[in-house]
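In: Using only what follows, build the 3D model:
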Amino acid sequence: MALTSDKGSVGKRLKLLRVTRDLNQMDVADMLGITQGHYSQIERGVRQLSLRLLVRFCEALGVGPDRVLSSSGEPDEAEGKRDEVV
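Out: Numbers count the residues shown, from 1 in each chain. Below is the predicted model:
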């Protein structure tokens, strides 16, 4: 598993995880204890996700940090196609 610290890639995975759970940015920001604007900047890659917020995000959404940081496979693929037989 390859990990990435690229702010844009991490932000895209955060957004995919949020959207697959039918949450808006304000919902997640409230869970993290930050403003919606701060969270939006993280998703857009303007701000970096701190370790503290990574832990909170993972706890709130019930995912491991590898789902946020892994560059191998997008969250939507893992969410929707995990049990798919080809």
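In: Let's verify the residue nearest the centre of the chain: helix, strand, or coil?
Out: In the chain, the centroid-proximal residue (CA atoms, centre = their mean) is Leu14; its distance is 2.0 Å. Here Leu14 is recorded as helix under DSSP: H, G, I helix; E, B strand; the rest coil.
In: residue boundaries of the strands in the protein?
Out: Read by DSSP state E, the chain holds no strands at all.
In: where does it have its least confident helix or strand?
Out: helix 75-81 (a mean of 46; mean pLDDT, DSSP states H and E).
In: hang on, isn't Arg18 packed against Gln25?
Out: Yes - contact criterion CB atoms under 8 Å: Arg18 and Gln25 qualify, at 7.3 Å. No exception for glycine: its C-beta is placed from N, CA and C like everyone else's.
In: Quick check: neighbours shared by the two?
Out: By CB atoms under 8 Å, 6 or more residues apart in numbering, Arg18 and Gln25 have these common neighbours: Glu43.
In: Leaving aside the residues adjacent along the chain, what's closest to Leu61?
Out: Leu17 (5.8 Å; CB to CB, 6 or more residues apart in numbering).
In: for Arg21, that is, sorry about that
Out: Leu61 (6.2 Å).
In: count of residues packed around the one you found?
Out: Burial measure for Leu61: 17 neighbouring residues, criterion other CB atoms under 10 Å.
In: got a list of what it touches?
Out: Leu17, Arg18, Arg21, Val28, Met31.
In: Give me the buried subset of these.
Out: Leu17, Arg18, Val28, Met31 (16 or more other CB atoms under 10 Å).
In: I'd like those residues as JSON lines, with distance to Arg44 and pLDDT appended.
Out: Compiled in JSON lines, the buried ones among the contacts of Leu61 are given as follows (distance: CB to CB, whole Å; pLDDT from 0 to 100):
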{"residue": "Leu17", "distance to Arg44": "15", "pLDDT": "96"}
{"residue": "Arg18", "distance to Arg44": "13", "pLDDT": "96"}
{"residue": "Val28", "distance to Arg44": "14", "pLDDT": "98"}
{"residue": "Met31", "distance to Arg44": "18", "pLDDT": "96"}
